[in-house]
Structures are given as structure tokens and as C-alpha cells.
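Asks: Sequence first, predicted model second:
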Amino acid sequence: MNNFNINFNLPYYKSAYRQYNPNVSQTMKRKKIPYGTKLPVTLTLRERDIIRDETFCDPDFARLAVVDGKRIEVELSLDDIEEIQGYIAAEANHTKNKKLQKELDRLFDKLQAFLDTYDDQHELDS
């Protein structure tokens, strides 16, 4: 008998589990937006640095962001958010630094809120 230890608290598994178990995700319908719509995503400078410096995300990530004190606003589509989540999940699942892993997990969940709130695939529903 195989004994698999899957940590469903890791970002990738959380997202996949919510996707295939609708009782875990929000019960409200997601707001439909046109495909490719850019949403304002507010990040701390630390969150930006983590994405840019600790993952395989483009080093120029958020280079054109609007800075407001200790926060920045980045315009991202849902596709952009999913791509960034992939980089975050990969690093969170492979880092040995527990503090960084927790920060990556929180950042993944923060971005997941946009995917749980908005739907840009409604053109396919017609």
C-alpha cells in the first residue's frame, strides 16, 4: 500500500482542490468581465519583491506599477494572475525557507481572490 502525504495547504493543491470541489470555493457567482480586462491589483513592496526576486517571474514585473507609499498598484488580467500564481506555487512548493513559504502561500491566496471573484471566460458560454 502506498502512503502518500499530500499537503493540501500548499498553494497549488488549494487551488486545484477548490476547482474540483465547489463546496470549498465561494458559492456566489463570479462577476463576468470581458476577456483580457486588466484589474487593479494592490501589492506591498515586499510582495512585489517576492514575486520579482524569489520566483521565475519576469524580473521587470511591476516595473510600470503606480507607487503609493508602501504599496503599488499593478494592472493584471486574470491570465496574468494565473501565470504569476504558477510561479508563486512552484517556489512555495520547493523552498526550504518556511518563512518565505508562508509569505508565498499568503500571496497566492491574495491573488486567488481575484480568480474567485471574476470570470473572463463568459464569451464561451453563448
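Replies: Everything's here; your move. Numbering: from 1, shown residues only.
Asks: Surely residue 104 and residue 50 touch.
Replies: Yes: between residue 104 and residue 50 there is a contact under C-beta atoms under 8 Å: 6.7 Å. (Each C-beta comes from the backbone N, C-alpha and C, glycine too.)
Asks: Wait, residue 101 touches residue 92, no?
Replies: Yes: between residue 101 and residue 92 a contact is recorded at 5.2 Å, counting by C-beta under 8 Å.
Asks: who has more neighbours, these two?
Replies: Set residue 101 next to residue 92 and count neighbours by other C-beta atoms under 10 Å: residue 92 wins out with 23 against 18.
Asks: what about the nearest residue to the more buried one once chain neighbours are set aside, neighbour count?
Replies: Ranked by C-beta to C-beta, 6 or more residues apart in numbering and with sequence neighbours excluded, the top spatial neighbour of residue 92 is residue 104, at 3.7 Å. Other residues within reach of residue 104, judged by other C-beta under 10 Å, total 26.
Asks: Please apply the same query to residue 65.
Replies: Neighbour tally, residue 65, other C-beta under 10 Å: 17.
Asks: Quick check, it in contact with residue 76.
Replies: No: with contact defined as C-beta under 8 Å, residue 65 does not reach residue 76; the gap is 10.0 Å.
Asks: And residue 117, how far from residue 39?
Replies: 9 Å (C-beta to C-beta, to the nearest Å).
Asks: which residues touch the spatially closest residue to residue 54 that is not a sequence neighbour?
Replies: Leaving out its chain neighbours, the residue that sits closest to residue 54 by C-beta to C-beta, 6+ apart is residue 91, at 5.7 Å. Residues near residue 91 by C-beta atoms under 8 Å, 6 or more residues apart in numbering: 54, 55, 56, 100, 104.
Asks: What about residue 91? Give its phi and psi, please.
Replies: Residue 91 adopts backbone torsions of phi -70, psi -40, taken as degrees, to the nearest 10.
Asks: Give me the average confidence score over the longest helix along the chain.
Replies: For the chain, the longest helix by residue count, based on DSSP state H, is helix 98-117. Across helix 98-117, pLDDT averages out at 97.
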